[in-house]
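Trainee: task: produce atomic coordinates for the following.
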Amino acid sequence: MTTTLKKMSALVLASAVTFSMLSSQALANGAIGDHVNNLHAHIGEYTEEVHWLESKFGSVVDAYEAKDKSLKTDALIEYWEEVDFHSAIETQYVPIYASIWQGIYGVKVAIDEGKPVAEVRVEQEKLNHALWQALGAVKLASQYQKKGLVNKVQTTEKEPTTGPEVIDDIKTRLDRVVAKYAEQLHEVATTLVHDTYLQRFEGVEGDLIAKNAALVEDLEKDFNVTLPQAISKDTGVDSVRKVVESMQAKLDRARALLVEVEQSRKDVF
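Mentor: Below you'll find the predicted structure:
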């Protein structure tokens, strides 16, 4: 197994495990289907859908090249939201899910702004690459499901009960911030940032301050200033993702400190 594949394998597993703690109410595009908990039985269907999407997205670009005046770029979004594969990747690996939305809007905006066809084709290739990368991630996740390494995707809210679980939940929510931003749902993304701070991070601040007050102060600024500003300035998905990745690295440090706190409590009892 190559280093790249190993890295994706670990990330997909981590993403799938953490997503299992989220409610379907966290999804902005409707209820998820039972297929997300039986991925291996639907790989053939997902593969067909990826081929179909590639063809449909290509037909939109072809229509643009042919100067079809009836062309509506909203069809790109409609095609994507029509397939089951949409929720399969959304529940298994949010970063690639966000990349697909980024690709869709890359094509849509290029067409809407009247860019040269060659530039639109470049965006189309990026989108196609993200689709196939996503299918690979879902296939990996299906293997983990069959081996019982991940929990079922929950359809009701499951609150984290320990400090480390809270941090895991925060990291997943931040991935979803990037996804919502990529979907052009900027208000949703900003609200999710604020809710995550109030409903999750504030609950572990006390334990963290005792361990590393400077780290807490840094993360408070990220939640309340840096990330909301990155969203409001609308500098692009990569810019927002960079802020989130920096925050997640700090949250990894916070998680290690909370593991120490949990262990000390167990030692006392």
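Trainee: contacts only, for the nearest residue to Leu135 once chain neighbours are set aside.
Mentor: The shortest distance from Leu135 to any non-neighbouring residue, by Cβ to Cβ, 6 or more residues apart in numbering, is to Val50 (5.1 Å). (Glycine included, C-beta is placed from N, CA and C.) Shown in contact with Val50 (Cβ atoms under 8 Å, 6 or more residues apart in numbering): 85, 131-132, 134-135.
Trainee: skipping adjacent residues, who's closest to Ala141 in space?
Mentor: Gln92 (4.1 Å).
Trainee: surely the one you found meets Val138?
Mentor: Yes: between Gln92 and Val138 there is a contact under Cβ atoms under 8 Å: 5.7 Å.
Trainee: kindly report the domain assignment for this structure.
Mentor: Recorded structural domains for the chain (assignment: the TED database) are 34-147, 163-267.
Trainee: just how off-centre is the last one within its chain?
Mentor: In other words, domain 163-267. 14 Å (Cα atoms, centre = their mean, to the nearest Å).
Trainee: pLDDT (mean, whole number) over that domain?
Mentor: The average pLDDT for domain 163-267 rounds to 93.
Trainee: quick one: Val188 and Thr235, what's the gap?
Mentor: According to Cβ to Cβ, to the nearest Å, Val188 stands 18 Å off from Thr235.
Trainee: among those two, which residue is more densely surrounded?
Mentor: Using other Cβ atoms under 10 Å as the criterion, Val188 and Thr235 rank with Val188 on top: 16 against 13.
Trainee: pretty sure the more buried one is touching Lys180, no?
Mentor: Yes: counting by Cβ under 8 Å, Val188 does reach Lys180; the two are 4.6 Å apart.
Trainee: find residues that contact each of Gln92 and Val138.
Mentor: With Cβ under 8 Å, 6+ apart, Gln92 and Val138 have common neighbours Leu39.
Trainee: mind jotting down where the helices sit in this structure?
Mentor: Taking DSSP state H to define them, one finds helices in the chain at 3-19, 43-65, 74-82, 85-92, 94-112, 117-146, 163-182, 186-196, 202-221, 227-232, 237-268.
Trainee: now tabulate these in TSV and tack on distance to Asp34.
Mentor: Output for those, formatted as TSV (distance: least, Cβ to Cβ, whole Å):
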stretch	distance to Asp34
helix 3-19	16
helix 43-65	13
helix 74-82	18
helix 85-92	10
helix 94-112	19
helix 117-146	13
helix 163-182	21
helix 186-196	26
helix 202-221	32
helix 227-232	33
helix 237-268	30
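Trainee: neighbours around the nearest residue to His40 once chain neighbours are set aside, how many?
Mentor: Using Cβ to Cβ, 6+ apart and skipping residues adjacent in sequence, the residue nearest His40 is Ser142, 4.1 Å away. Residues lying near Ser142 (other Cβ under 10 Å) number 21.
Trainee: quick one, what contacts Ser142?
Mentor: Applying Cβ under 8 Å, 6+ apart to Ser142 gives the contacts 39-40, 43.
Trainee: let's see if you can find the most crowded of those.
Mentor: Of all the contacts of Ser142, Leu39 has the most neighbours under the rule other Cβ under 10 Å, reaching 23 neighbours.
Trainee: please report the distance of the residue nearest to it when sequence neighbours are not counted from Leu149.
Mentor: Among residues not flanking Leu39 along the chain, Ser142 sits closest, at 3.6 Å (Cβ to Cβ, 6+ apart). Per Cβ to Cβ, Ser142 is found 11 Å from Leu149.
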